[in-house]
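Peer 1: Test case, fold it:
(chains A and B)
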Amino acid sequence: MKIKDEITGNMNELPGSGQVMKVYVCGPTVYDSPHLGHLRTYVAFDAMVKYLRHRGVEVFYVQNITDIDDKIINRALELKEDPMELSRQYTEKYMDAMKYAGINSISLYAKATTHIKDIINQIKRLEKKEYTYKLPDGVYFRVWMLKNYGRLRSQEASQQKQGTRATVSDLKEDPRDFALWKFRKDGEPSWRSPWGEGRPGWHVEDTAIALSIFGRKFHLHGAGRDLVFPHNEAELSIMTALKNDPEVCGSWIYTGILKINGEKMSKSLKNFISVEELMEKYSGEESRYAFLSSNYSSEMDFSWEMMEEARKNTSYIQTAYLRLAESKEKGAKIDITAFRKQLYDALEADFNTREAISVIMQLSREIIKNAPLENGSAMKAAKLLKDANTFLGIIPIREAGEIKDSTINSLIRLREDLRNKKMFKESDSVRNALKDSGIILEDGVNGTTWKRE
RNA sequence: GGAUAGGUGGCAGAGACGUUAUGCGUGGGACUGCAGAUCCCAUUUACUAGGGUUCAAAUCCCUACCUAUCCUCCA
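Peer 2: Numbering: from 1, shown residues only, chains lettered A, B, ... in the order given. Purely as a prediction, here's the structure:
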């Protein structure tokens, strides 16, 4: 698969079948409930990793969880709670959100607080190379020593100074320098370090986790586009300083910002919709459909209309999938191979899920229009839809319920009989009874079909 | 102000020189005991504006306008 790298703008070829691939994605800071912006990003990476695995790549996917941070401490102070307890609660909420959307491809969740040793070791190594200096409030990274700072997003040093207030950070050698270790203030959680009690800065957390787990190099670094600067630029700086290797990470890729009414969905603008709210109204499949309906890297504007569209279309695809069961020997033939090729071509080129979904829609249309299909076509079509669903996760393929198919079919025949005798009250009660068990009957041109709710 | 990404039909959203994207919505029709589902037809030259390059431009180049993101809180 080819993917667009943010640093070079090139289409980088990712590892192929049989190869191992190491992926790191910036996780959330757990100080509040996850919202749809988070979900959009993590659905995209989940689908991508699953697709690569589907193609035979052995993906090792690590995501961090920032469970110690200024935001967490401030929030805890506000609520008069213990910061660590607060982050534990929101980590749980975050996991619920992931579960809801079927995001289960992460090989390892790494909490910052369980990697304090790795973080300290990394700062020590930076210190040895003279990339650090100490100020009254913490240990800082020395940006000017790095020749190629600003590869992700260059920020002029002169610009930075404008408007900064007289604080301790004004003591920094360069305004672009950032904290690696923050010294403890009263009542804050802290850990011992060679420089004094304190806690890690945000940027080293990720690099320490990534490099301690992956070793020398990894293939892909993902995040939401709002993290390009300063976070990812700082990460890149740290890793470049440590490894003397500008290619520590092969590709840097970004998901587009999720907007609502034309503006970024964010906590500070108070325009966010929580995953919890979405969960009440729409299924995980519907949400995935909606988020995968646009390219991972482009901005998207959230709306409830878009969710309604997702609901209709996932149901349409499901209907198509279920109608494959009525295949027969002399049914219609469909060239599934052509659809398969279109689908994979779209995904191989920068993981174009929008195009992939449109292929699925076209295939569904062909299936429904021509059902019942000839056995071979139906089998191939079912295989293709199932394959696509292993990474898209948009078709609600439920496990068979308690009612056996044979029972349903005999009830359908019974109802048919009643309808022919114009006993509609009785036939409707059969239909209602099935509905209570989650079976929906639909009278079509060629008789009655059913599907599970 | 600077950096970056964009501006495609009523809406969402692909495409990246020459061939119908796709879907939603809307209107009409078919089917029907009712529901729902499905099908058919229409929405008959949509590509921000103005220049240029080309046999050919939504696609390449220039200019302008507009929008969003980031510029040490952010997925």
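Peer 1: going forward, measure contacts and count neighbours with C-alpha atoms only.
Peer 2: Will do.
Peer 1: And the helix or strand where residue A:429 lies, what's buried?
Peer 2: Using DSSP states H and E, the element containing residue A:429 is helix A:424-436. Residues of helix A:424-436 classed as buried: A:427, A:430-431, A:434 (neighbour count, 16 or more other C-alpha atoms under 10 Å).
Peer 1: which other helices and strands contact that helix?
Peer 2: Packing partners of helix A:424-436 (3 or more C-alpha pairs under 8 Å, 6 or more residues apart in numbering; DSSP states H and E): helix A:405-420, strand A:439-444.
Peer 1: Show me how far the first one is from its chain's centre.
Peer 2: Between the centre of helix A:405-420 and the centre of its host chain there is 43 Å, according to C-alpha atoms, centre = their mean, to the nearest Å.
Peer 1: go on, the last one?
Peer 2: A distance of 35 Å separates the centroid of the chain from that of strand A:439-444, by C-alpha atoms, centre = their mean.
Peer 1: same deal with stretch A:317-330?
Peer 2: 31 Å.
Peer 1: again, but for stretch A:361-379
Peer 2: With C-alpha atoms, centre = their mean, you get 31 Å for stretch A:361-379.
Peer 1: List the buried residues in that stretch.
Peer 2: So for stretch A:361-379, counting by 16+ other C-alpha under 10 Å, buried means A:361, A:363-368, A:371-379.
Peer 1: got it, and stretch A:266-278?
Peer 2: A:266, A:272-276, A:278.
Peer 1: out of these, who's near RNA strand B?
Peer 2: residue A:266 (C-alpha under 7 Å from any atom of the strand).
Peer 1: need the helices and strands packed on helix A:424-436 in a markdown table with mean neighbour count and mean pLDDT, can you?
Peer 2: Conversion of the helices and strands packed on helix A:424-436 to a markdown table gives the following (neighbours: other C-alpha atoms under 10 Å; pLDDT from 0 to 100):
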| stretch | mean neighbour count | mean pLDDT |
| --- | --- | --- |
| helix A:405-420 | 14 | 86 |
| strand A:439-444 | 14 | 84 |
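Peer 1: So which bits of the stretch 301-450 of chain A are right by RNA strand B?
Peer 2: A:301, A:305-306, A:308-309, A:312-313, A:315-316, A:319, A:352, A:354-355, A:357-359, A:361-362, A:365, A:368-369, A:419, A:424-425, A:427-428, A:441-445, A:448.
Peer 1: isn't residue A:218 right next to residue A:15, touching?
Peer 2: No - look at residue A:218 against residue A:15 with C-alpha atoms under 8 Å: they stay out of range, at 11.1 Å.
Peer 1: which neighbours do these two share?
Peer 2: Common neighbours of residue A:218 and residue A:15 (criterion: C-alpha atoms under 8 Å, 6 or more residues apart in numbering): residue A:21.
Peer 1: quick one: low-confidence ranges for the stretch 51-200 of chain A?
Peer 2: Scanning the stretch 51-200 of chain A for pLDDT under 70 picks out the ranges A:156-170.
Peer 1: mind redoing it with 80?
Peer 2: A:154-170 (pLDDT under 80).
Peer 1: How are the helices of the stretch 51-200 of chain A distributed by residue range?
Peer 2: For the stretch 51-200 of chain A, applying DSSP state H, counting those that start in this stretch gives helices covering A:70-79, A:83-100, A:116-128, A:157-161.
Peer 1: out of those helices, nearest to residue A:345?
Peer 2: helix A:83-100 (28.2 Å; C-alpha to C-alpha).
Peer 1: closest to RNA strand B among the buried residues of helix A:424-436?
Peer 2: Looking at the buried residues of helix A:424-436 and their distance to RNA strand B, the nearest is residue A:427, at 5.9 Å (C-alpha to the nearest atom of the strand).
Peer 1: RNA strand B contacts on the stretch 51-200 of chain A?
Peer 2: Near RNA strand B, when you scan the stretch 51-200 of chain A using C-alpha under 7 Å from any atom of the strand, you find A:71, A:153-155, A:159-160, A:174-178.
Peer 1: Identify the residues contacting residue A:394.
Peer 2: Counting by C-alpha under 8 Å, 6+ apart, residue A:394 has contacts A:284-286, A:288-289, A:314.
Peer 1: Show the low-confidence segments of the stretch 251-400 of chain A, by residue range.
Peer 2: A:397-400.
Peer 1: measure residue A:232 to residue A:2 for me?
Peer 2: From residue A:232 across to residue A:2, the span is 22 Å (C-alpha to C-alpha, to the nearest Å).
Peer 1: Tell me which of those two has more neighbours.
Peer 2: Applying other C-alpha atoms under 10 Å to residue A:232 and residue A:2 shows that residue A:232 carries more neighbours, namely 23 against 15.
Peer 1: What backbone torsions are found at the more buried one?
Peer 2: phi -70, psi -30 (degrees, to the nearest 10).
Peer 1: Same question for residue A:253.
Peer 2: Backbone dihedrals for residue A:253, given as degrees, to the nearest 10, come out at phi -130, psi 160.
Peer 1: any idea how far it is from residue A:178?
Peer 2: Distance of residue A:253 to residue A:178, computed by C-alpha to C-alpha: 23 Å.
Peer 1: do the same with residue A:91
Peer 2: Going from residue A:91 to residue A:178 by C-alpha to C-alpha gives 26 Å.
Peer 1: of residue A:218 and residue A:15, who's got more company?
Peer 2: Taking other C-alpha under 10 Å, residue A:218 and residue A:15 do not tie; residue A:218 has more neighbours (21 against 18).
Peer 1: and that one, what does it touch?
Peer 2: Going by C-alpha under 8 Å, 6+ apart, residue A:218 touches A:21-24, A:248-250.
Peer 1: Just give me the neighbour total for the residue in the stretch 51-200 of chain A that RNA strand B sits nearest to.
Peer 2: Residue nearest to RNA strand B within the stretch 51-200 of chain A: residue A:176 (3.1 Å; C-alpha to the nearest atom of the strand). Burial of residue A:176 is recorded as 19 neighbouring residues (other C-alpha under 10 Å).
Peer 1: same thing with residue A:113?
Peer 2: Residue A:113 has 18 neighbours, counted by other C-alpha under 10 Å.
Peer 1: How about residue A:190?
Peer 2: By other C-alpha under 10 Å, the residues close to residue A:190 number 18.
Peer 1: how near is it to residue A:421?
Peer 2: Here residue A:190 is placed at a distance of 79 Å from residue A:421 (C-alpha to C-alpha).
Peer 1: ditto for residue A:123
Peer 2: Counting by C-alpha to C-alpha, the gap from residue A:123 to residue A:421 is 83 Å.
Peer 1: Can you tell me which of the buried residues of stretch A:266-278 comes closest to residue A:111?
Peer 2: Nearest to residue A:111, judged by C-alpha to C-alpha, of those is residue A:275 at 21.4 Å.
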